[in-house]
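**Q** After the sequence you'll find the predicted model.
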Amino acid sequence: MNNEKMQKELNNLSPQQMEWIEEYCANDMQQLKKISYIAFQGYNIPNFEHDELYDDAMNVLMESVIDYDTSKNAKFETYLTNNIKKSVIDWYRDNYQRGKRRNLLRDKDGKIIKFDQYGNITDDDKGKPVVVPNTSFDAPTRDDSEVDLKEKIASDFNVEAESEFDFDDSDKVEEFLESLPKTQKNILLLRMEDIPADEIRQKLNITDREYNSAMKSIKMNKGLSLFAKNKNDGNYDVEVDEMEDRIIEISESENYRTDKYSMYSLLQDKKNGDMNCNYILQREPFQWTTEEANRYFCRILSNLPIPEIILCEQKKKGLTISHLIDGLQRLSYAEAFKENRIKIGSAGAERHLIQYRDYVLDENGNRELDEDGLPEYEMKVFDVIGKYYKDLPDELKKRFNNFNINVTKFFDCTDEQIADHIRDYNNHASMNKEQGGLLNVSAQTAGYIKKISQKNTFFKNCGKFTDNNVIKGKLERVVAESIMLMFFRDSWKAKLDTIYKYVDENATEQQFLKLNSHFNRLELALGDDNKDLKSLLTPTTMPMWIAVFDKFTTYNIEDSRFVDFLNAYNTELKDKEIDGVSMADFKDQQTKKKATITGKIDLLVKLMNEYLHITEDTSVNNEETYINSSNDDSDDEIDPLQFIKDNVSERVSEEDIDDYYTLMDDFKTLHGVNSESSFFDYHNELAFLGMIAYSFKFDKDLDNWLVDYTNRNITYSTNQTENLENMIADFKTYEEKKSA
């Protein structure tokens, strides 16, 4: 069909024809690309040709929409698919079989070599040529004894100096890849081969949302900084001698001193390991909201002071180690910004118009001087919204790197003193109960816990564990609660601080090793195809399930049978009664109460035994008191999810609660809000969460009310339900007055 005729037809499309076009072109032509990819994937066509084939598929779609005869029995999808397959055959014949492309296997005379279906060389026109893929000079050879291709090519171009990331260190690459969940790891491996995003999604069978979420997680992974150099850009000099002149002698102070360091030097110390940013009681990086990060970047670029950095020096085995105690968020966000992983957004960026001097430079890059010998310059204003570090003018890059920060350093600290300093410097910070609870354990116990929560790949590849769970310390809670339920079940208390203290005082290294082994065995048994069980294995339920698995391991049965039980429970057993009791009976109980969680474990063990035909009597403390029990745990904390379900909405999930906690942090930085109000007190947390859930349920904006409410002197009850009811009533009154 000629272009003129096609254009005329396209101008008169029917609603049905438009619907077909929209269907196959939606989401960046996802459905059309999928059909096209399936059609050409067997031809071994290099990646750089794929876009041309997708363009060809678009042309075929337009022609098919116009030519399709609705009176025939074939579906439009079948008609389109066949047309694309035919077009691919024609494209391949024209571009490869006829030798128009040069990257085909040829003999010494330049003749194209073709093979039949059995792999034998043939002169038959139906034989297929071999596409020789392009080879990267950066690709390592298969034989370690050979020299890499890039080493055989003479060049004055220094790849390491010109790139922002150094991927030559295979140990670093391996370490980073192994830190990723399987999906993220596979995506990154394919990206490193320059495979397009749409092809990656097709190869891994993931959605756009899953791909984008994985890429976001990769970009914010703290391990990515392993490859980044602290670039000395912006045409500035590191004034080492001047820095040393400003540092006072240690004899002038006793246990600590405060000096000034540049941002560049601090990031360099962080990168080369002179500063340990992974002290065992330290929180994870990237705790801030987007608004907080934007405000922080603008403050630095405006050359305004920020809170001091705190280091604790510790001597071990003749070495002096500097532990970063306060300032991890400040340095981590600064590092991510400098590595162009974060750009400055509009939220919170009140100082986004940054003034700076743009010096006049001569042809050699030196500043030009006026008649008085002073450098000539022009005052300029740069809008940083939407900008990465790489987009900044050189003078602002220099300002960022030379930014001075007060650093207080404590000397000869013990683990106990370091923990004490962390508590002091986080006294007014928004540590959640998981992060604060971990401070109740020794450095040794924290090491056991984090070795499992951070190193065991179960949490990356199985269950429903989000990035927010990692950042907020939820995985450490899973480990501590699992230890309690496996080994100290009779001493269970729902209050998290009590659990951490008990584990610290009673748990042994061997018990942590056994728990780690359980997670390894479960991951192996679940395998890669465990999506159906993700919603079953969450931070809230995992301690319960690991306790059930611990009982299972005493039966000497293949671990795959436990996975069979999980699938059966997920599909048919969750509502089943045993001795007149089902999981529904625990629905209205506080999730973390001893009677509730031990009752659930006992019931699950009975369900498992019945399903697996285990005749051994495995019931533990089989008493009726675990239903509707009201023991003396009056100080036990209330499970946030259950509180929201009881008081606001049944249609919430653990993931929703994570989102509410994130929004809680955002509300604390709201313009005009009184951040010192008792409203934000830890003991009022559930009522605050309830208000956020209420705003979601009824689509309400809390901002103006929250500013008004937190600036009033309000007395709060110890009863969270009562506080929530009062807040909702006050919000309704506020809305009525506003609309009057």
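**A** Yep, that arrived.

**Q** pLDDT below threshold where in the stretch 201-350 of the chain?
**A** Within the stretch 201-350 of the chain, the set of residues satisfying pLDDT under 70 comprises 226-229, 231-254.

**Q** if you set the cut-off to 90 instead, what comes out?
**A** Where the stretch 201-350 of the chain drops to pLDDT under 90, the residues are 201-257, 271-274, 276-293, 307, 314-321, 325-326, 341-342, 345-350.

**Q** Quick one: the helices in it, in order.
**A** If DSSP state H, counting those that start in this stretch is used as the criterion, the helices of the stretch 201-350 of the chain fall at 208-219, 240-246, 263-272, 290-301, 328-338.

**Q** Let me know which of these is tucked in deepest.
**A** helix 328-338 (a mean of 22; mean count of other CB atoms under 10 Å). Every residue, glycine included, has its C-beta placed from N, CA and C.

**Q** Residues touching that helix, excluding its own?
**A** Judged by CB atoms under 8 Å, 6 or more residues apart in numbering, the contacts made with helix 328-338 from elsewhere in the structure are 220, 222, 225, 228, 230-231, 263, 266-267, 270-271, 277, 282-283, 285-288, 293, 296-297, 300, 306-307, 309, 324, 342, 344, 388-389, 400, 405.

**Q** Show the buried residues in those.
**A** When burial is judged by neighbour count using 16 or more other CB atoms under 10 Å, the buried members of the contacts of helix 328-338 are 220, 222, 225, 228, 230, 263, 266-267, 270-271, 277, 282-283, 285-288, 293, 296-297, 300, 306, 309, 324, 342, 344, 389, 400, 405.

**Q** and Leu607, what does it touch?
**A** With CB under 8 Å, 6+ apart as the criterion, the residues that contact Leu607 are 565, 569, 573, 576, 578.

**Q** and it, what helix or strand is that in?
**A** helix 594-612 (DSSP states H and E).

**Q** before we move on, what about Ile200?
**A** Here Ile200 is covered by helix 197-204, with elements defined by DSSP H and E.

**Q** In contact with the residue lying closest to Ala547 once chain neighbours are set aside, which residues?
**A** Distances taken as CB to CB, 6 or more residues apart in numbering place Leu485 nearest to Ala547, at 4.0 Å, with adjacent residues excluded. Remark: with contacts taken as CB under 8 Å, 6+ apart, Leu485 is in contact with 492, 543-544, 546-547, 597, 601.

**Q** can you put those in TSV and add distance to Tyr211?
**A** Listed next are these as TSV, based on distance: CB to CB, whole Å:
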residue	distance to Tyr211
Trp492	41
Pro543	31
Met544	32
Ile546	31
Ala547	35
Ile597	37
Ile601	38
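
**Q** pLDDT, secondary structure and neighbour count added to these, as JSON lines?
**A** As requested, those are arranged in JSON lines below (pLDDT from 0 to 100; DSSP: H, G, I helix; E, B strand; the rest coil; neighbours: other CB atoms under 10 Å):
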{"residue": "Trp492", "pLDDT": "90", "secondary structure": "coil", "neighbour count": "21"}
{"residue": "Pro543", "pLDDT": "95", "secondary structure": "helix", "neighbour count": "23"}
{"residue": "Met544", "pLDDT": "94", "secondary structure": "helix", "neighbour count": "19"}
{"residue": "Ile546", "pLDDT": "95", "secondary structure": "helix", "neighbour count": "22"}
{"residue": "Ala547", "pLDDT": "96", "secondary structure": "helix", "neighbour count": "24"}
{"residue": "Ile597", "pLDDT": "89", "secondary structure": "helix", "neighbour count": "26"}
{"residue": "Ile601", "pLDDT": "93", "secondary structure": "helix", "neighbour count": "21"}
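
**Q** how far off helix 197-204 does the longest helix seen in the chain point, in degrees?
**A** Longest among the helix segments of the chain by residue count, using DSSP state H, is helix 15-40. Orientation note: helix 15-40 sits at an angle of 70 degrees relative to helix 197-204 (axes from the mean of the first three to the mean of the last three CA atoms, to 10 degrees).

**Q** any idea how far the residue nearest the centre of the chain is from Phe286?
**A** A centroid search over the chain (CA atoms, centre = their mean) returns Ser217, at 3.1 Å, as the residue closest to the centre. In this structure, Ser217 lies at 11 Å from Phe286, with CB to CB, to the nearest Å as the measure.

**Q** Kindly report the same for Glu174.
**A** From Glu174 over to Phe286 the distance is 23 Å, taken as CB to CB.

**Q** coming back round to it: burial measure for the closest residue in space to the residue nearest to the centre of the chain that isn't next to it in sequence, as a count.
**A** Take Ser217 and drop its neighbours on the chain: the residue closest to it by CB to CB, 6+ apart is Asp467, 5.3 Å away. When neighbours are defined as other CB atoms under 10 Å, Asp467 has 15 of them.

**Q** got it, and the one 4 residues further on?
**A** Burial of Ile471, expressed as a neighbour count using other CB under 10 Å, amounts to 19.

**Q** With Phe679 instead?
**A** 23.

**Q** all helices of the stretch 551-700 of the chain, in order?
**A** Taking DSSP H, counting those that start in this stretch as the criterion, the stretch 551-700 of the chain carries its helices at 560-568, 594-612, 640-647, 654-668, 685-697.

**Q** closest one to Phe459 among these?
**A** helix 654-668 (14.4 Å; CB to CB).

**Q** Can I get the closest one in CSV? Just the C-alpha atoms.
**A** Provided in CSV are the C-alpha atoms of helix 654-668 (Å, rounded to 0.1, in the frame of the first residue of the first chain):
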residue,chain,number,x,y,z
GLU,A,654,1.0,-4.7,55.8
GLU,A,655,2.2,-2.8,52.7
ASP,A,656,-0.3,0.0,53.4
ILE,A,657,1.0,0.3,56.9
ASP,A,658,4.5,0.8,55.5
ASP,A,659,3.2,3.6,53.3
TYR,A,660,1.5,5.2,56.3
TYR,A,661,4.7,5.2,58.2
THR,A,662,6.5,6.9,55.3
LEU,A,663,3.7,9.5,55.1
MET,A,664,4.0,10.0,58.9
ASP,A,665,7.6,11.2,58.4
ASP,A,666,6.4,13.5,55.6
PHE,A,667,3.8,15.1,57.8
LYS,A,668,6.4,15.9,60.4
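
**Q** Okay, buried residues for that helix please.
**A** By neighbour count on 16+ other CB under 10 Å, the buried set for helix 654-668 is 654, 656-661, 663-664, 666-668.

**Q** got it, and stretch 493-500?
**A** Counting neighbours by 16+ other CB under 10 Å, one finds that the buried residues in stretch 493-500 are 493-494, 496, 498-500.

**Q** Run the chain-centre distance for it.
**A** From the chain centre to the centre of stretch 493-500 is a distance of 27 Å (CA atoms, centre = their mean, to the nearest Å).

**Q** and what of stretch 679-692?
**A** Remark: stretch 679-692 is offset 26 Å from the chain centroid, using CA atoms, centre = their mean.

**Q** Distance-wise, check the closest residue to His323 other than its chain neighbours relative to Met220.
**A** The shortest distance from His323 to any residue that is not its chain neighbour, by CB to CB, 6+ apart, is 4.3 Å, and that residue is Tyr279. From Tyr279 over to Met220 the distance is 21 Å, taken as CB to CB.

**Q** Likewise for Arg351?
**A** Counting by CB to CB, the gap between Arg351 and Met220 amounts to 24 Å.

**Q** any idea which helix or strand carries Lys185?
**A** Mapping Lys185 onto the secondary structure by DSSP H and E places it in helix 182-192.
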